[in-house]
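Q: test case, fold it:
(2 chains)
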There are 2 protein chains.
Amino acid sequence: MNKKPLILVTNDDGISAPGIRTLISIMNEIGDVVVVAPNSPQSGMGHAITLDSTLFSEEVHFDDGPQKEYSCSGTPADCVKLAVRQILGRKPDLCVSGINHGSNASINVIYSGTMSAAIEAGIEGIPAIGFSLLDYSWNANFEASKTYVSTITKHVLERGIPEGIVLNVNIPNIEKDLIKGIKVCRQAKANWVEEFDKRKTPQGKDYYWLSGKFVNLDGGEDTDEWALANNFVAVVPTQFDLTAHDFIKDLNTWNLNE
Amino acid sequence: MNKKPLILVTNDDGISAPGIRTLISIMNEIGDVVVVAPNSPQSGMGHAITLDSTLFSEEVHFDDGPQKEYSCSGTPADCVKLAVRQILGRKPDLCVSGINHGSNASINVIYSGTMSAAIEAGIEGIPAIGFSLLDYSWNANFEASKTYVSTITKHVLERGIPEGIVLNVNIPNIEKDLIKGIKVCRQAKANWVEEFDKRKTPQGKDYYWLSGKFVNLDGGEDTDEWALANNFVAVVPTQFDLTAHDFIKDLNTWNLNE
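A: Next comes the predicted model:
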């Protein structure tokens, strides 16, 4: 009988969020689970790390599950670093992050704390997956996600993922029997058109709230946005070598040294 | 005579840092400069954006230069968003970020606030460059950087950069006459091996400081780390489509729907 895999679970919505509680319950069926997750919401933190401030971590208990759990005052990337070096003292066999309350498809991957945790694990050489459900509400219904999260996790444990790649999984917010299946995709080209809501403090000083409208600029039917709009679970293999390799040759023709 | 380009300058070390003051003085020779930069250091912020808190911005004056300047309470990515939508009300012709006090080569690009500002500009469709000098000290000497920053900036203004790509420029911390020139590179494969410095508060509670040792895992002579170690200025074309395109075909053989 094989030894059960050691699975590190983290997220960016905070350790008490329903999304990570669901993810923990799924992972308890698959392996030995250790949770190291932020003690408060960290959405939009991108790949931030804590350099100029102290990190606190403590063991916590939320339910009667077999997992061990630690909350951490840092970012999702901090949680992965602390887990590997300090709490586990070794690399887990897998790191899963999420289930995020809200989309991390297309350009959202750049701003995503959920995916930054998965990418941090990838940098450390750990197979990693970020899971997100397209429902931003705290009371999101994760029922339909369960089978897909479990299936994809088991495939990754069985096959591994090549070095330098993690998986970004987004799940449409629809009833389970409407989901058509899993589709491997590329990241859609999209952006946010920001709108700043300008207000005044009671003392008369201007301030802003950041908000905006998501704009999909990509008509391709091989993108994550297309898959999600067409009721598929979208899986994008995601890399952290950001080099635009195809442009190196062109850039060399610029003769920057002349 | 051509109209002067409108150049947005930002950084992650804060608006008063010597690196951005140097960058502003170089850009004043090239175009009309507007500075929108954080009012405090934001190193290690990755691509964080401010979703759950207010943003403050005000016009400031640091010297007698012709530039207009605004400090902002947000992250580097926030600064670019605020500049484009609220302060400028239009896209600038170029966005430059830096000069960072410290390396953003290899995997550091992932954690970099400097590069997140450049990438945010790239997402908005603005040609963008992040500049970094390999000296973490506040009193870093930016003299040798000036010519290279100016040369690369002028090339970008003349030729443009393809959509989806920004430039990550790192400059070795050596005397100007020792620099051998500019080299177009790929991002080296590297990581940080973290060491957590565990301490106790006066009240006896454990806490940690994050620190670590940089490890270059890449022997390639076409990498930014190699170029910098061999006295070249390293230019890496950097993209924010994180899709690992080459792995899509393999992933499709996993038959995730069976």
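Q: does stretch A:184-202 reach chain B?
A: Yes: contact between stretch A:184-202 and chain B, assessed by C-beta under 8 Å from any C-beta of the partner chain, occurs at A:184, A:185, A:186, A:187, A:189, A:191, A:194, A:195, A:196, A:198. Glycine gets a C-beta too; all of them are placed from N, C-alpha and C.
Q: filter those down to the ones in strands?
A: If you go by DSSP state E, those have A:184, A:191, A:194, A:195, A:196, A:198 in strands.
Q: am I right that residue A:33 is in a helix?
A: No: read with DSSP: H, G, I helix; E, B strand; the rest coil, residue A:33 is strand and lies in no helix.
Q: who's in contact with it?
A: With contact taken as C-beta atoms under 8 Å, 6 or more residues apart in numbering or on different chains, residue A:33 is in contact with A:7, A:9, A:24, A:27, A:65, A:66, A:67, A:68.
Q: can I get those residues in TSV including neighbour count and pLDDT?
A: Shown next, in TSV, are the contacts of residue A:33 (neighbours: other C-beta atoms under 10 Å in any protein chain shown; pLDDT from 0 to 100):
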residue	neighbour count	pLDDT
A:7	24	98
A:9	29	98
A:24	24	98
A:27	24	98
A:65	15	95
A:66	8	97
A:67	18	97
A:68	15	97
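Q: among the residues you listed, name the ones in helices.
A: Among those, the residues falling in helices (DSSP state H) are A:24, A:27.
Q: with respect to chain B, which of the contacts of residue A:33 is nearest?
A: For the contacts of residue A:33, the residue nearest chain B by C-beta to the nearest C-beta is residue A:68; the value is 16.4 Å.
Q: surely residue A:34 and residue A:7 touch.
A: Yes: applying C-beta atoms under 8 Å as the test, residue A:34 and residue A:7 come out as touching, 7.4 Å apart.
Q: give me every residue in the stretch 1-150 of chain A lying close to chain B.
A: When proximity is defined by C-beta under 8 Å from any C-beta, the stretch 1-150 of chain A lies next to chain B at A:41, A:43-52, A:54-58, A:74, A:77-78, A:81-82, A:84-86, A:107, A:109-111, A:116, A:119, A:123-124.
Q: what subset of these is buried?
A: Neighbour counting by 16 or more other C-beta atoms under 10 Å in any protein chain shown classes A:41, A:43-50, A:55, A:57, A:74, A:77-78, A:81-82, A:84-86, A:107, A:109-111, A:116, A:119, A:123-124 among those as buried.
Q: residue A:256 touches residue B:182, doesn't it?
A: Yes: between residue A:256 and residue B:182 there is a contact under C-beta under 8 Å: 4.2 Å.
Q: the two - which one has more neighbours?
A: Counted by other C-beta atoms under 10 Å in any protein chain shown, residue A:256 and residue B:182 do not tie: residue B:182 has more neighbours, with 22 against 17.
Q: contacts only, for the more buried one.
A: So residue B:182 contacts A:256, A:257, B:148, B:151, B:152, B:232, B:233, B:235 (C-beta under 8 Å, 6+ apart).
Q: one step back: can you pull the residues that touch both of residue A:34 and residue A:7?
A: Common contacts of residue A:34 and residue A:7 (C-beta under 8 Å, 6+ apart): residue A:92.
Q: distance check, residue A:225 against residue A:24.
A: Going from residue A:225 to residue A:24 by C-beta to C-beta, to the nearest Å gives 29 Å.
Q: which residues sit in contact with residue A:79?
A: A:10, A:36, A:37, A:38, A:72, A:117.
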